[in-house]
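Colleague: build me a model:
(chains A, B, C and D)
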Amino acid sequence: MKRAIRCDVAAAMIPDGATVLIGGFMGVGTPERLVDALVARKARDLCIVANDTAKAGRGIGKLITAGCVSRLVVSHIGLNPETQAKMIAGEIAVELVPQGTLVERIRAGGVGLGGILTPTGLGTEAQEGKQVIETPQGRFLLELPIRGDFALLAAYQADYAGNLTYSLTAQNFNPIMALAATTVIAEPEAIMPIGAIPPDGVKTPGVLVDHVIERAA
Amino acid sequence: MKRAIRCDVAAAMIPDGATVLIGGFMGVGTPERLVDALVARKARDLCIVANDTAKAGRGIGKLITAGCVSRLVVSHIGLNPETQAKMIAGEIAVELVPQGTLVERIRAGGVGLGGILTPTGLGTEAQEGKQVIETPQGRFLLELPIRGDFALLAAYQADYAGNLTYSLTAQNFNPIMALAATTVIAEPEAIMPIGAIPPDGVKTPGVLVDHVIERAA
Amino acid sequence: MDAKEIIARRVAQEITSGMLVNLGIGLPSLVANYVPSGRGVFFQAENGVIGLGARPPEGMQDPHLTDAGGGFVTAVPGAASIDSAMSFGIIRGGHLDMTVLGGLQVDEQGQLANWKVPGKMVPGMGGAMDLVTGAKRVVVAMQHAAKGESKIVPRCTLPLTSLRPVNLIVTDLAVLRFENGGLALVERAPGVSVEDVLAATTARLAVPDVVPEMAL
Amino acid sequence: MDAKEIIARRVAQEITSGMLVNLGIGLPSLVANYVPSGRGVFFQAENGVIGLGARPPEGMQDPHLTDAGGGFVTAVPGAASIDSAMSFGIIRGGHLDMTVLGGLQVDEQGQLANWKVPGKMVPGMGGAMDLVTGAKRVVVAMQHAAKGESKIVPRCTLPLTSLRPVNLIVTDLAVLRFENGGLALVERAPGVSVEDVLAATTARLAVPDVVPEMAL
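Modeller: Coordinates of the predicted model:
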């Protein structure tokens, strides 16, 4: 059972320097109120793992603008010029990871795999510093797991057992990140009584979720 | 768009000697009518990849009894004495795979990974013949992908686009196997008009499904 | 109280509020009967449900809702259906607070053998290797001896389930903990003496000055 | 017909009944406008939907339903929501019949560069490396030249997207196919001669005796 908590209470749990997985794809499916709370508490030196940094004024873009981030592990920053500028200025260290590799690395961290072999990136800059493994099916890059201290998820519905549902393209990385952090915090649009989400409707089992954020005022 | 087909038509597609992934856990979530059709057409020399062989008279147990199977890749055969007897008699070659490794190997085959690293089985008989990979996080077994010529799935609902839902513990290996075979055949309990399963309710996208079996008479 | 009930009752005491617990088939599945309800404990059945409930009344079974042994079960409010990849992701990924399994042998290294008797019985490991490797806490629930022979042995002679040592062993005679690289006697069953336990055990056990009786 | 429309119309002809197709953001996304409906084609948006539909009418947008560029879209009947692991599982696993991407350079080895201009522009590869590595068929849709320089080059000078050669390149001047280890000129754009194409191309092209004009 989870008692819903306020965003500022959640943001206060996340120390400067933490590695934070944040759901979303161009800001869709990003826990916007949690991001605002991190900006409000002036978080610093965060390592953010996410698909992208959205754009200025939206989702993870707000954390970039506010100077909360010193490291990024992302697949794409092309639509946020501010991220690119800060990377070039040396203010943010950026590790670019192919999107399919990024989600599998997070999944591996979440499901206890020691890594995965992928053909993606073989022979490209994405191979740099990585072990190449030969199997009977060919050569693959060994990609290592990613885990976070925190995962911040945007959900559609939660129940008070912590079970989550997602809506359409707002799910993206959220259900995978739910597996891969020490502390998992979900920001749902609605919170339902326990039992109101049928077992087959649950996408993220509540046992994976540590905290549920209260509904927007 | 998929026109529903008969079980015997589907069974006729599956040649002797084929590698066939079959969903189910102790017979729950196994496409029972497809199994019956394979028995009826006297299939021979099949390699079955599945969690288990259920028990005599149920699910994959029927294929064992009928002599359709020459090779098994499974995690458990303890509840089907007939499988054990045929293994000891040398009639069926059995590869035992830890259950979590089995599902990840099938998933790897389905999602284009060259393999996965798992701590499961390290230092046990499950390690035999396998590469041990050292990473900064420790030592892991390299487990290689599994794919089938066919996957036979039990679904709860299908629509005529091939989208599938599953019910409770009857899903088990089915949604993972849907990714990992050249030809995927689903046996649903109900077939709905296209659009009747909402996008968020779909567990297996129809683009992965080649054939849908018509409803039971 | 018979041997199975002693074991199940004692294991149940290890389960605390809010835990996610996997119970193996057979003896371990009896543990659920002795966990007080309302404690927010969720049971996982590795075949695909978190929030396993009691057996359904006759006439209310659902063929799509079974436990790992294939028996009909129910789902508690707040239950979630999961596929096998998610189920074992939860197990291997360290999200499972406790697993309770049966055993054939446990040895002084804390290592468990429970899936094969070469030449006699080869049921397969099923989910056991993942459970013992991945769960935060591994509890073995078994009889202390089989056919007069100790199942707590110096070194397993049967194939291992995992290199990872188990945390606790609960038998009809004793509770043993794996700590400081060896097995320690923690409790004795009602009416069983320390000498009884040692006589029935071939493994070396650390024995503290006081070994309390199980409080069942 | 402007350059973009020529390219989009020609690429659309590659899409046949029942295909699953991924269209990149920008120019490739225009291709959907020229695929006749009722052909049972499903478009994937890698951010999480199979069965992408047209832009919604004003006032009917859903903030949870966007394409990979972040624009509002609709879902066709029979659409399915997927998470990022499933989305890239479908891409990497060989379930995607065709991907259409933009390009910065394609070379005589058929290799594509489309995610980085060192020192100038580092948008990141996003899904491009997975798409080019995993799709059954890779089609590049781009202008033939940029700032007067050929984008079809002997050897990519920009960082590669994948070792895997693309299958087809459609530009405002020509259709090129990668076959027999090299690039072949297959069609020319309306009003463009073979000589025009060769003059605008630094890569070596195999030129057959007859090079038909695109039938748009």
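Colleague: distance of the nearest residue to residue C:112 once chain neighbours are set aside relative to residue B:133?
Modeller: Using Cβ to Cβ, 6 or more residues apart in numbering or on different chains and skipping the chain neighbours, the partner closest in space to residue C:112 is residue C:161 (4.7 Å). Backbone N, C-alpha and C define where each C-beta goes, glycine included. Per Cβ to Cβ, to the nearest Å, residue C:161 is found 21 Å from residue B:133.
Colleague: run through the neighbouring helices and strands of the host helix or strand of residue A:72.
Modeller: Per DSSP states H and E, residue A:72 falls inside strand A:69-74. Contacts defined by 3 or more Cβ pairs under 8 Å, 6 or more residues apart in numbering or on different chains; DSSP states H and E place strand A:69-74 against strand A:46-49, strand A:93-96.
Colleague: and these: which comes nearest residue A:161?
Modeller: Across the helices and strands packed on strand A:69-74, residue A:161 has its closest neighbour in strand A:46-49 (26.4 Å, Cβ to Cβ).
Colleague: go through the closest one and flag the buried ones.
Modeller: Going by neighbour count (16 or more other Cβ atoms under 10 Å in any protein chain shown), the buried part of strand A:46-49 is A:46-49.
Colleague: what lines up beside that strand in the sheet?
Modeller: When pairs are called by DSSP bridges, strand A:46-49 turns out to pair with strand A:19-22 (parallel), strand A:69-74 (parallel).
Colleague: which of those strands sits most buried?
Modeller: Most buried of those by mean neighbour count (mean count of other Cβ atoms under 10 Å in any protein chain shown) is strand A:19-22; its value is a mean of 26.
Colleague: which residues does it contact?
Modeller: A:14, A:30-31, A:35, A:46-50, A:59-60, A:106, A:146-152, A:173, A:177, A:180-181 (Cβ atoms under 8 Å, 6 or more residues apart in numbering or on different chains).
Colleague: residue 184 in helix, strand or coil?
Modeller: Went with chain A since none was named. The assignment at residue A:184 comes out as strand when based on DSSP: H, G, I helix; E, B strand; the rest coil.
Colleague: what sits against it?
Modeller: Applying Cβ under 8 Å, 6+ apart, we find residue A:184 in contact with A:150-151, A:153, A:177-178, A:208-211.
Colleague: distance of it from residue A:110?
Modeller: Look at residue A:184 and residue A:110: by Cβ to Cβ, they are 10 Å apart.
Colleague: with residue A:149 instead?
Modeller: Following Cβ to Cβ, the distance that separates residue A:149 from residue A:110 is 14 Å.
Colleague: so which elements touch the longest helix belonging to chain A?
Modeller: Counting residues, the longest helix found in chain A (DSSP state H) is helix A:99-111. The contact analysis (3+ Cβ pairs under 8 Å, 6+ apart) places helix A:99-111 against strand A:115-118, strand A:138-143, helix A:174-177, helix C:84-92, helix D:84-92, helix D:128-134.
Colleague: can I get the ones you listed in CSV including distance to chain B?
Modeller: Formatted as CSV, the helices and strands packed on helix A:99-111 follow (distance: least, Cβ to the nearest Cβ, whole Å):
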stretch, distance to chain B
strand A:115-118, 3
strand A:138-143, 3
helix A:174-177, 12
helix C:84-92, 3
helix D:84-92, 3
helix D:128-134, 5
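Colleague: adding mean neighbour count and mean pLDDT, write the ones you listed out as TSV.
Modeller: Converted to TSV, the helices and strands packed on helix A:99-111 look like this (neighbours: other Cβ atoms under 10 Å in any protein chain shown; pLDDT from 0 to 100):
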stretch	mean neighbour count	mean pLDDT
strand A:115-118	27	98
strand A:138-143	19	98
helix A:174-177	29	98
helix C:84-92	27	98
helix D:84-92	27	98
helix D:128-134	29	98
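Colleague: of all these, which one comes closest to residue A:166?
Modeller: Across these, residue A:166 has its closest neighbour in helix A:174-177 (5.9 Å, Cβ to Cβ).
Colleague: just give me how far the closest one sits from the chain centre.
Modeller: 7 Å (Cα atoms, centre = their mean, to the nearest Å).
Colleague: can that helix be found next to chain C?
Modeller: No: using Cβ under 8 Å from any Cβ of the partner chain, helix A:174-177 stays clear of chain C, coming no nearer than 9.3 Å.
Colleague: that helix packs against which elements?
Modeller: With contacts defined as 3+ Cβ pairs under 8 Å, 6+ apart, helix A:174-177 has these neighbours: helix A:99-111, strand A:148-159, helix D:84-92.
Colleague: the spatially most central residue of chain C: what's it in contact with?
Modeller: With distances taken as Cα atoms, centre = their mean, residue C:100 lies nearest the centre of chain C, 2.3 Å away. Taking Cβ under 8 Å, 6+ apart as the contact definition, residue C:100 lies against C:11, C:21-24, C:28, C:31, C:139-141.
Colleague: so which of these would you say is closest to residue C:92?
Modeller: Nearest to residue C:92 among the contacts of residue C:100, counting by Cβ to Cβ, is residue C:22 at 12.0 Å.
Colleague: beta partners of that closest one?
Modeller: In this entry, residue C:22 is beta-bridged to residue C:44, residue C:99, by DSSP bridges.
Colleague: so what's it scoring on pLDDT?
Modeller: As predicted, residue C:22 sits at a pLDDT of 97.
Colleague: residues from chain C in reach of chain A?
Modeller: C:18, C:20, C:40, C:42, C:49-51, C:75, C:77-82, C:85-86, C:88-95, C:134.
Colleague: can you dump the C-alpha coordinates of stretch C:138-152 into CSV?
Modeller: Only the C-alpha atoms of stretch C:138-152 are listed here, as CSV (Å, rounded to 0.1, in the frame of the first residue of the first chain):
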residue,chain,number,x,y,z
VAL,C,138,16.5,-17.6,0.0
VAL,C,139,14.8,-19.9,2.5
VAL,C,140,14.9,-23.6,2.1
ALA,C,141,11.9,-25.5,3.6
MET,C,142,12.5,-29.2,3.9
GLN,C,143,12.7,-32.3,6.1
HIS,C,144,15.9,-32.5,7.9
ALA,C,145,16.6,-36.1,6.7
ALA,C,146,15.4,-38.4,4.0
LYS,C,147,15.3,-42.1,4.5
GLY,C,148,17.4,-41.7,7.6
GLU,C,149,20.1,-39.7,5.8
SER,C,150,21.0,-36.1,6.6
LYS,C,151,20.0,-33.6,3.9
ILE,C,152,22.3,-31.1,5.6
